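Student: Prediction below, plus the sequence it came from.
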Amino acid sequence: MGSFAISPSPAVFPSHHRPRPPPARSFPAIPRSLSPAKTLFSERRIFFAASPNPVRSGRRPISAMASEATSVEVETTTGKKELLVFESEEELAVSLAKHTAELSEKYAQERGAFTLVISGGSLIKSLRKLVEPPYLESVDWTKWHVFWVDERVVPKDHADSNYKLAYDVFLSKVPIPPGQVYAINDSLSAEGAADDYETCLKQLVKTAVVAVSSATGFPKFDLMLLGMGPDGHVASLFPGHPLLNENQRWVTFIKDSPKPPLERITFTLPVINSSAYAALVVAGSGKAGAVHKALGSKQSSSDLLPVEMVSLEDGKFTWFTDKAAISMLQEKACP
Ligand SMILES: O=C1O[C@H](COP(=O)(O)O)[C@@H](O)[C@H](O)[C@H]1O
């Protein structure tokens, strides 16, 4: 077991990384909800069920209002998926900020803490609207506790570090208390860093900062923001890798990652699937093949992509996509 150095400390968060003190709080009205606009059926007859909350008075074109999305339910071998399809990644980012801010407010009020898990990669850029008005001022950043669903085993100032990416684009711009940003201990081996992170999570569960699933005993994060690679991987769980079967550990490590760098630590599927809310952010044509494979093709259970294995026990899982990402799924208007 590694040391408990993962616990945030001034050494882990150097003073020049400390965000400014929180500004005076005010909560302007949260923007309106997304309006489902139409229902889709895929070419391969995957069932895209009608949204449970359809627009009652007429259907607006999805481009009529900023960040308006087409909302669809997709029946897949691993259960129903809720997809929001935006015209563009820009509109997706607007809606993702709103969704995150609303959940932050809900959990800050309900239990005085908001536990957010982030990924690396393109997801981070899609969080950019959160560091702009109104959220910059209206979100209670002091309640945030930030974790990583996966991290590369590299120094925190390395170009491959998921921490560095999030810090540069997002964390350095908001006043989250530095002690509530849980980066991996980059002085440990992959094994040590995974043990250390798991120990940290267990401590935070004991102190009720992180909730726990009564059904599974795994930690239950308030919101998990996932990305997906073009191969269908999520976190550092890659297609066909034995780590997909891990069902005891909370955090594990990989030393043969198909995507560089080789060494990473990652949350396991049971932890991801215990989340209260999860959002999968998938934008751009580079992801269209994986989206089609995951949602538009029949797969046997042995062929499932990691992204298809994300299925929350007792939570709400939403895909935030754009038109380019779903371009390989043929759409037909529902009668
Ligand atoms: O390596 C990783 O890749 C995935 C996907 O990244 P993207 O840039 O293709 O969106 C990311 O979610 C994960 O956190 C990261 O370590």
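Tutor: Received it, and whenever you're ready, just let me know what you need.
Student: how near is L304 to the ligand?
Tutor: Distance, L304 to the ligand, by CB to the nearest ligand atom, to the nearest Å: 17 Å. C-betas here are computed from N, CA, C, even on glycine.
Student: and the gap between that residue and L225?
Tutor: 22 Å (CB to CB, to the nearest Å).
Student: in what helix or strand does the nearest residue to G284 once chain neighbours are set aside lie?
Tutor: Nearest residue to G284 in three dimensions, chain neighbours excluded: A324, at 5.2 Å (CB to CB, 6 or more residues apart in numbering). A324 belongs to no helix or strand when assigned by DSSP states H and E.
Student: Excluding chain neighbours, what is closest to K259?
Tutor: Spatially, and ignoring its direct neighbours in sequence, K259 is nearest to G229 (6.5 Å; CB to CB, 6+ apart).
Student: Next, count neighbours for that neighbour.
Tutor: G229 has 22 neighbouring residues, counting by other CB atoms under 10 Å.
Student: Now do the SS call for it.
Tutor: Judged by DSSP: H, G, I helix; E, B strand; the rest coil, the three-state class of G229 is coil.
Student: hang on, it packs against G289?
Tutor: No. G229 is beyond contact range of G289, at 11.0 Å (criterion: CB atoms under 8 Å).
Student: Tell me which residue of the stretch 101-250 of the chain lies closest to the ligand.
Tutor: G121 (2.4 Å; CB to the nearest ligand atom).
Student: How about that residue: what's its closest non-neighbour residue?
Tutor: Closest residue to G121 apart from its sequence neighbours, by CB to CB, 6+ apart: G227 at 4.5 Å.
Student: Test my guess that that neighbour contacts G120.
Tutor: Yes. Between G227 and G120 there is a contact under CB under 8 Å: 7.2 Å.
Student: going on from the worst-scoring helix or strand of the chain on mean pLDDT, what's the next piece of helix or strand?
Tutor: Least confident helix or strand, the chain: strand 48-49 with a mean of 40, by mean pLDDT, DSSP states H and E. Per DSSP H and E, the first helix or strand lying C-terminal to strand 48-49 is strand 69-76.
Student: same for the very next helix or strand once past that following strand, what does it pack against?
Tutor: Going down the chain from strand 69-76, the next helix or strand is strand 79-86, by DSSP H and E. Contact analysis of strand 79-86 by 3 or more CB pairs under 8 Å, 6 or more residues apart in numbering; DSSP states H and E lists strand 69-76, helix 89-111, strand 316-322 as its packing neighbours.
Student: Now tabulate these in a markdown table and tack on mean pLDDT.
Tutor: Output for the helices and strands packed on strand 79-86, formatted as a markdown table (pLDDT from 0 to 100):
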| stretch | mean pLDDT |
| --- | --- |
| strand 69-76 | 86 |
| helix 89-111 | 98 |
| strand 316-322 | 96 |
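Student: would you list the ones you listed in CSV and tack on distance to V149 and mean neighbour count?
Tutor: Listed next are the helices and strands packed on strand 79-86 as CSV, based on distance: least, CB to CB, whole Å; neighbours: other CB atoms under 10 Å:
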stretch, distance to V149, mean neighbour count
strand 69-76, 21, 21
helix 89-111, 15, 19
strand 316-322, 14, 22
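Student: how about the helices in the stretch 151-300 of the chain?
Tutor: Under the criterion DSSP state H, counting those that start in this stretch, helices of the stretch 151-300 of the chain are mapped to 162-169, 190-206, 269-273, 288-295.
Student: Take those helices and write them to TSV, including mean neighbour count and mean pLDDT.
Tutor: Listed next are the helices of the stretch 151-300 of the chain as TSV, based on neighbours: other CB atoms under 10 Å; pLDDT from 0 to 100:
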stretch	mean neighbour count	mean pLDDT
helix 162-169	20	98
helix 190-206	20	98
helix 269-273	22	98
helix 288-295	21	94
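Student: could you dump the ones you listed to TSV with distance to the ligand?
Tutor: Shown next, in TSV, are the helices of the stretch 151-300 of the chain (distance: least, CB to the nearest ligand atom, whole Å):
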stretch	distance to the ligand
helix 162-169	6
helix 190-206	14
helix 269-273	12
helix 288-295	9
